[in-house]
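Q: Based on what follows, work out the 3D shape:
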Amino acid sequence: MSGPFKVTCHCGAVELSVHLKDGLGAARRCDCSYCRRRGTPTASVARADLRIVKGDDNLTLYSFGTHTAKHYFCKTCGIYTHHQRRSDPDQYGVNMGCIEGVNPRDFEPIGWHDGVNHPSDQ
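A: So this is what the prediction gives:
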């Protein structure tokens, strides 16, 4: 099950199309200072396999610390849709709750990534 998957924010202003090479079973949560507050499980997608279908002008960016990770949100409804990964800028994490027809609860238990002890911080 690799897609393409339709990814949307709550209000529908932002829409992505993604191919998930590893499917949804490899989804993870992260416990870094930012992600543990957000709590959203994400599925991995290669940069080349993520396409913004609409709403590029409606995305806003949040970045902190090293500014390597880039977290994108809909300006209208505030929903986090995806982020460029700090561990590999050629990879994105896609909010599983934004993938049409997917309820993250159906994939529990979802594992955790150790973002507190990130290699870039060593």
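
Q: which residues of this structure fall in strands?
A: Secondary structure of the chain by DSSP state E: the strands cover 5-8, 15-18, 28-30, 42-46, 50-54, 59-62, 70-74, 80-84, 91-95, 111-113.

Q: Quick one: closest of those strands to residue 36.
A: Residue 36 sits nearest to strand 28-30 of all the strands of the chain, at 7.2 Å, using C-beta to C-beta. From N, CA and C alone the C-beta is placed, and that goes for glycine too.

Q: and the closest one, what does it pack onto?
A: Judged by 3 or more C-beta pairs under 8 Å, 6 or more residues apart in numbering; DSSP states H and E, strand 28-30 is in contact with helix 35-38, strand 42-46, strand 111-113.

Q: Swap in 7 Å and give it another go.
A: If contacts are counted by 3 or more C-beta pairs under 7 Å, 6 or more residues apart in numbering; DSSP states H and E, strand 28-30 sits against strand 111-113.

Q: circling back: and the strands of the chain, which one's lowest on average pLDDT?
A: With a mean of 84, strand 111-113 has the lowest mean pLDDT of the strands of the chain.

Q: Counting by contacts, list what that strand packs against.
A: When contacts are defined as 3+ C-beta pairs under 7 Å, 6+ apart, strand 111-113 sits against strand 28-30.

Q: Mind doing that once more with 10 Å?
A: strand 28-30, helix 35-38 (3 or more C-beta pairs under 10 Å, 6 or more residues apart in numbering; DSSP states H and E).

Q: okay if I get these as JSON lines plus distance to residue 17?
A: Formatted as JSON lines, those follow (distance: least, C-beta to C-beta, whole Å):
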{"stretch": "strand 28-30", "distance to residue 17": "22"}
{"stretch": "helix 35-38", "distance to residue 17": "23"}
